[in-house]
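Novice: need a structure here:
(chains A, B and C)
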Amino acid sequence: MKKRTHGFQVLLPLSVLAILILINLIKGADYFSVTLINGALYGNIPNILFGASELVILAIGMTLVTSSSGGQDISVGVAATISSSVFVRVLLGSASITWTTILVAFLISCLVGIVIGAFNGSLVAMFNVQPMVATLILFTAGRSIAFLIDGRLSPILANDLTSQIGSVIPGVPIQTPIILTAVFIAVVAVFLKATNLRLYSEAVGINPRAARLNGIDPVRIKLLTYMILGVCTAVAGFIAVTKAGRHDSVNLLKFCEMDAILAVAIGGNPLGGGRFSVSGSIIGAYTIEVLNRTLLRLEVDPETIKAFKAVFILVLMVVSSPVVRAYAAKGVARLRARLDATVAKKPRDPEREEA
Amino acid sequence: MSSQSRLTKVFCTALVLLVAFAGSVSAQGSLIRVGIVNLPPEESGYRQANVEDMNAVFSRANGYDMKQTNTGDNSEQIAAAQGYIRDGVKYLLISAANASGWDNVLKAAKTAGVTVFLFDRLIQTDASNYKAALVSDMAAEGTTAVNWLLSQKLPAYNVILIRGQMGSAAELGRSSALLKARDSGKVKIVADGTGGDSWSPEEARKVVEAAIAAGKDFNVIYAQNDGMAQGAVQALDAAGISHGKNGKVKIIGFDFNRFALRNVQAGYWDCDIQCSPRQAAEISGWIKTLESGKKSPTGIVYQKEIYADTATITDELILSKGINADPGKGVITK
Amino acid sequence: MRTQNVLEMRGICKSFPGVRALHDVSFTLRAGEVHALMGENGAGKSTLIKVMTGVYEKDSGQIAIEGNAIHFKSPQDAQAFGVGTVYQEITLCPNLTVAENMFIGRGRYAFVNWKRMRERAARLLDSLGIPARPTQQLSSCSLAIQQMIAIARAIDMDCKILILDEPTSSLDEDEVRKLFSLMRELKSRGVGIVFVTHFLDQVYEISDRITVLRNGEFIGEYEASALPQFELVSKMMGKALDDVARIRKHEPSTRAGETPVFEATGLSSAAGVRPFDFSIRKGEVNGFTGLLGSGRSESVRAIYAADKVTGGDIKIKGKKANIGEPIHAMRLGIGYLPEDRKGDGIIADLSVRDNIILALQVLHGFWKPFSRKQAEAFADEYIRSLNIKTASSATPIKSLSGSNQQKAILARWLLTHPEYLILDEPTRGIDVGTKVEIQKLVLKLAEEGVSVTFISSEIEEMLRTCSRLIVMRDRSIVGELTGGDLTENVVMRVIAGGS
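Specialist: Just a heads-up that it's a prediction; the model follows:
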């Protein structure tokens, strides 16, 4: 039963993804073709994986806080901008840029991400502020903070090593952000496997009172998920800034919050908290990426591209709503009953239903 | 719970520090009294340069007593303007957050005998409500770009157009020249996309990737700011398509970011068009003219803006006219 | 002369995919009678009621109201024919006033004459003897009053058939008395009342006739006066039942100077319970009793630190211990089954398995999750031993019946092998069979050396299981009864404040 409901949760975004890919295939049969260019794999699929990397990572963190706190963090883009500004600051301040200094700067930026997560998380967990309101604070003020950290001018990160992280490391045929994303997903998967985070977070999200009576500290769990989200923002910021090669505190990962929340929703996760599926959110994130690219591929007018996207998402949300789902389930059940009846053909025996 | 109360304490301390930190500094003096209502420097690299330019030109050394308010909130801006009028400034310089809602303040300034100059951004009001406005001519910037492009004598012009925020003044102006060139048959637009409301390099990259995937043949990228040009070039690099001085695809960007100019200098890009944030010197000139009893320009005045291509670019130009950080000579920002 | 049947249901069948919920069930209701609908959980009571109220469409069979054949397509249909329902969980809006709750959603017009509405509400409340003001916010009324208001709402809609689905499960005795007098008033007005409850004594107090269902089938319709209680129970359970009678109290061997497993002195909590002393020996079953609101639940919550503890000392097996949070109590081998199953007990959306392993998993540690196989084995063991009826261990617990949810929560604590188990109202709102099972389980645990504190609003049940009763009144302990004092009479007297 669990498998079935879980399967259905992922089924919807998957089928949407399939429809989008089908459209692309109709537009060009070589959609899946991959070639080797300058020693790296090139094609639609690598482009999608590359383009969605930050969104995927943010969606993972967003899934966790949604589960534990029943709300969304709208400051993830801003948080990523702040932590990446620290990354750039530390890196440019170091004597030379080597793999070691990059790693150190990255770890420091992760620390910053954790602090930001703890700030948001404490507002949510300890002061019971609505997550959207709590994170609105950073959403409004955060880019100014990043601007201050950046210093007088938006700094340039033009050097070989960081640009290899943002594109390709010579000799490695896959773009680095794709590898980083895969590694990150694996780390999250291992963490979820090795800990009780899923059980605790779901319990807290569904019924914090009962969770507490079973020895789980809801405050700590909410705080923890926000801190994990903090790490996610730091990693996303790291990837974004190495891709861009410079730190633009104004525009880096702007408006990605809404896409991250959307990915969680498309992944079939209830935005009110509780049960969650990280794989659903990941698929949701890739779906958004493919959607964006499909609209470009269909050469939708730049004036109307937003409207197209809105309509598509509206349809998707309605289709995945509990109302439509229940209706669909009913329809399926009725269809199955009718099939059974035609198969049986013999006089209808109510006992048969039992079997 | 003890850990909770401890965390609460830490949080409160942090809050107090934050509030204390927020206290700011102001200055005073005599000479020519000028009030500037401007957007905050963190709005963009453009604004950063603009604010710095204002501070540098309207300095005490240059004979000014200047106060500047930087906020992105229109009502705060209006309140600041009213304050300056009350304080009795002689000149009021405004770059408005919103184009509307300024009529009363401007009239009050007129009654108080304050001379108003608008810079960078226009206000929807009667032209008699201000002395003059100094702004960039986005359409002229577009024309500069298109003229440069046509002067390259390419056998054909197959352009990918990457627009900024749809409907913004910069997008409308910078698009119009190219669209006109297309209508007259001089260029062909093979793909028309946008970087969205955040002028996003990632979106620009996707526009180019979609064009490549669709097998479009193109030899020009016309990106309406430097960030989107950068994103577009990343897409070319990944696909192994050459660009720049000796490459297949000509790259055009806007805004004169120093990183963009360095890319042009290195032949990695081809051309960048200026959008100057430095209006202070010209307005200061007008004020000095008025102070000496002569007449200064009125109405909308457009700034003179230039372009830089691989042939014309110089270090001096990059340092004096560019905005944002300079990656240094020979450094390419990919 | 026979009284007229207001409702006649004949040969009702209703199936869901894979489940036959009702098979050839009949039910008749006369005007001016209280008719108890009895059956264990899963017997088909809820389904029958939902067919009655138009929530479900029947597959086959006839329904007639006052002799006219009717086919309900929706709850609105049923309402139009005079069928009113009041559910166990109150479905009114707590933020609206009493009057608004009585009339909301009924007007055909967008505009409301507030004054007339209030006057009408006042008249109705008065005539039914419901002590509530029309302008009062609903949430400021007690549960019983809220229930009565829901009934008043149904009455005002001219209902001839009133269905009360477990109306008394969260009421104390005094409130039940008030509800019953309201029901008698309605009876005298000729309303036919369908009464669903788990409390057998209440059935006999108020009902005229009883219909018993079992496994979706009609067992029989009886005059209440002609059906002795043990026979009713055996019909509900489908076996000759002397189990109920056979439960014997287990008297722990008392040794002088034995250190209590748990001992509290001067314990008090933020929930307002006055400082109290309490102790329990190994293998002892004791209980807190008293009226609702007497502080019996608050006391055990203080022991478990479910509410913020404000003072007192605790000793576990003679050693001083600190219980500031539930997790501390758990680590000291204490388990707590809360009174509010829905709000404090189950994690509704999680599977039965996750609900069962939760406490043990938390004790095991954040970094040591059980493997899927382990968890499944734990869950399956208790699903089997406690006979929890669920499609699988992965089914969300919310789709189980109340009794089975309760068993799962019980399993959760049994799995931790506690030394001291606190059970607050473990038998409330669950069917008779499960009740007996739980009572037996408590005594078995005690025999194995587990100390149990047991709370139930049915005194008789406590007398059967506890060897010591702590009686509470007004948030203080007013008496402690053992041995010969453990009779209903004595307990009632102490509760009521007699000497």
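
Novice: Tell me the pLDDT of the nearest residue in space to A:Lys254 that is not next to it in sequence.
Specialist: Leaving aside its chain neighbours, A:Lys254 sits nearest to B:Ser198 (3.8 Å; criterion: CB to CB, 6 or more residues apart in numbering or on different chains). To be clear about C-beta, it is placed using only N, CA and C from the backbone, and glycine gets the same treatment. Note on B:Ser198: pLDDT of 89.

Novice: Quick check: B:Ser198 touching A:Cys256?
Specialist: No. With contacts counted by CB atoms under 8 Å, B:Ser198 stays clear of A:Cys256, the gap being 9.3 Å.

Novice: So what touches stretch C:95-107?
Specialist: If you take CB atoms under 8 Å, 6 or more residues apart in numbering or on different chains as the criterion, stretch C:95-107 is touched by C:92-93, C:112, C:117-118, C:120-122, C:124-125, C:132-139, C:141, C:149-150, C:152-153, C:156-157.

Novice: Rank the helices and strands of chain C by mean pLDDT and give me the bottom one.
Specialist: helix C:243-246 (a mean of 45; mean pLDDT, DSSP states H and E).

Novice: going on from that helix, what's the next piece of helix or strand?
Specialist: Sequence order places strand C:262-269 as the next helix or strand after helix C:243-246, per DSSP states H and E.

Novice: Show the pLDDT at the residue positioned nearest the centre of chain B.
Specialist: Closest to where the C-alpha atoms of chain B average out (CA atoms, centre = their mean) is B:Tyr46, at 4.2 Å. On pLDDT, B:Tyr46 comes in at 89.

Novice: how about the strands in the stretch 351-499 of chain C?
Specialist: For the stretch 351-499 of chain C, applying DSSP state E, counting those that start in this stretch gives strands covering C:420-424, C:451-455, C:468-473, C:476-482.

Novice: could I get these as CSV with distance to C:Val83 and mean neighbour count?
Specialist: Converted to CSV, the strands of the stretch 351-499 of chain C look like this (distance: least, CB to CB, whole Å; neighbours: other CB atoms under 10 Å in any protein chain shown):
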stretch, distance to C:Val83, mean neighbour count
strand C:420-424, 36, 26
strand C:451-455, 37, 26
strand C:468-473, 41, 22
strand C:476-482, 46, 16
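
Novice: Could you list the low-pLDDT ranges of the chain?
Specialist: As the question left the chain open, I've gone with chain A. A:1-9, A:343-355 (pLDDT under 70).

Novice: Actually, chain C is the one I wanted.
Specialist: C:1-3, C:18, C:41, C:88-90, C:105-112, C:169-170, C:237-257, C:292-293, C:496-499.

Novice: Just the closest residue of it to chain B, please.
Specialist: C:Glu325 (7.0 Å; CB to the nearest CB).

Novice: distance of the nearest residue to that residue once chain neighbours are set aside from C:Asn322?
Specialist: Leaving aside its sequence neighbours, C:Glu325 sits nearest to C:Ala305 (CB to CB, 6+ apart; 5.6 Å). Distance of C:Ala305 to C:Asn322, given as CB to CB, to the nearest Å: 9 Å.
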